[in-house]
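Q: using only what follows, build the 3D model:
(chains A and B)
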2 protein chains.
Amino acid sequence: MAALENVVRLDDKFASFDEQWKPRTVGRINDMHIKVVKLQGEFVWHTHEDTDEFFLVQSGHMTIRMRGREDVVVGPNEFFVVPRGVEHCPSADEECEVVLLEPVGLVNTGDASPSDRTASNDEWI
Amino acid sequence: MAALENVVRLDDKFASFDEQWKPRTVGRINDMHIKVVKLQGEFVWHTHEDTDEFFLVQSGHMTIRMRGREDVVVGPNEFFVVPRGVEHCPSADEECEVVLLEPVGLVNTGDASPSDRTASNDEWI
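A: Sure thing, here's the model as predicted:
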């Protein structure tokens, strides 16, 4: 639980890995994990029935497509919250660095069938 | 609840007010509010017994003093989580812009006596 004791420098965290689509946990506040992830290409359409999902872009741009809603494009120092129950699909043409807030234990692919996009939940960096 | 529908640009939010020590709510994820605040000078020593508190610095530097622990200095693009139950006192020599994550309804001055630092909890921008 390093992040409860130390100042966390996001730039250092992003510099410490290259793999895309695999969120790493960098902090915790109550029952939420603070994660960092690099995105490029398209994720899978999925829904989190029981939680909103927060995306704060650090670099690059991501598009969030949502069922029945307008697409949104999120750029550096901007955030977007996908409301619970809204099916969505993140994507990014070029690599995009994103900070996520998610309940501890959330499966990143939500209700979608497990796939190579499904990440483990326990990697702290 | 604008932040459940729109992309939120943090720079625009910080540019929209000058008042210090008065957090504004800019988003919500589940039972947490995402807030922005400008700090300069010293806050009051206080404790939140039931919640961790998250500080992500956007510009400037803040110092977080904690009872019985080393001070921490948090700079741009760095965050720190004050664990629940730890008495703490934020301060900043020069103006510092900070993103906060706090449970909905949290009183910013915690267990300290209400003062001119105590902010209302319901101002969305």
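
Q: who's in contact with the nearest residue to residue A:67 once chain neighbours are set aside?
A: Counting by CB to CB, 6 or more residues apart in numbering or on different chains, residue A:87 is the residue found nearest to residue A:67 once chain neighbours are left out, at 4.0 Å. (Glycine included, C-beta is placed from N, CA and C.) Residue A:87 makes contact with A:45, A:46, A:47, A:66, A:67, according to CB atoms under 8 Å, 6 or more residues apart in numbering or on different chains.

Q: now residue A:88
A: Counted by CB under 8 Å, 6+ apart, residue A:88 has contacts A:45, A:46, A:47, A:53, A:64, A:65, A:66, A:67, A:82.

Q: what's across from it in the sheet?
A: Beta-bridge pairing for residue A:88 (DSSP bridges): residue A:46, residue A:66.

Q: ok, and the most crowded of the contacts of residue A:88?
A: residue A:53 (25 neighbours; other CB atoms under 10 Å in any protein chain shown).

Q: ok, it touching residue A:102?
A: Yes. Using CB atoms under 8 Å, residue A:53 is in contact with residue A:102, at 6.3 Å.

Q: could I get the contacts of residue A:88 as TSV with distance to residue B:21?
A: Converted to TSV, those look like this (distance: CB to CB, whole Å):
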residue	distance to residue B:21
A:45	43
A:46	40
A:47	39
A:53	30
A:64	33
A:65	39
A:66	36
A:67	41
A:82	31
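
Q: nearest to chain B, of the residues you listed?
A: Nearest to chain B among the contacts of residue A:88 is residue A:53, at 7.5 Å by CB to the nearest CB.

Q: residue contacts, the spatially closest residue to that closest one that is not a sequence neighbour?
A: Of all residues not flanking residue A:53 in the chain, residue A:82 sits nearest, at 4.6 Å (CB to CB, 6+ apart). Neighbour list for residue A:82: A:48, A:52, A:53, A:55, A:64, A:66, A:88 [criterion: CB under 8 Å, 6+ apart].

Q: and the strands in chain A, which stretches?
A: A:8-9, A:24-29, A:32-42, A:53-59, A:62-66, A:72-74, A:78-82, A:88-103 (DSSP state E).

Q: I'd like to know which of the ones you listed lies nearest to residue A:18.
A: The minimum distance between residue A:18 and these falls on strand A:32-42, with 7.4 Å, by CB to CB.

Q: quick one: that closest one to chain centroid distance?
A: 3 Å (CA atoms, centre = their mean, to the nearest Å).

Q: elements contacting that strand?
A: Where contact means 3 or more CB pairs under 8 Å, 6 or more residues apart in numbering or on different chains; DSSP states H and E, strand A:32-42 is packed against helix A:10-15, strand A:24-29, strand A:88-103.

Q: dump the residue contacts of the residue most central in space within chain A.
A: Residue closest to the average C-alpha location in chain A (CA atoms, centre = their mean): residue A:100, at 4.1 Å. By CB under 8 Å, 6+ apart, the residues touching residue A:100 are A:23, A:33, A:34, A:35, A:36, A:37, A:53, A:54, A:55, A:56.

Q: out of the contacts of residue A:87, who's nearest residue B:118?
A: Of the contacts of residue A:87, the one sitting nearest to residue B:118 (CB to CB) turns out to be residue A:66, at 38.2 Å.
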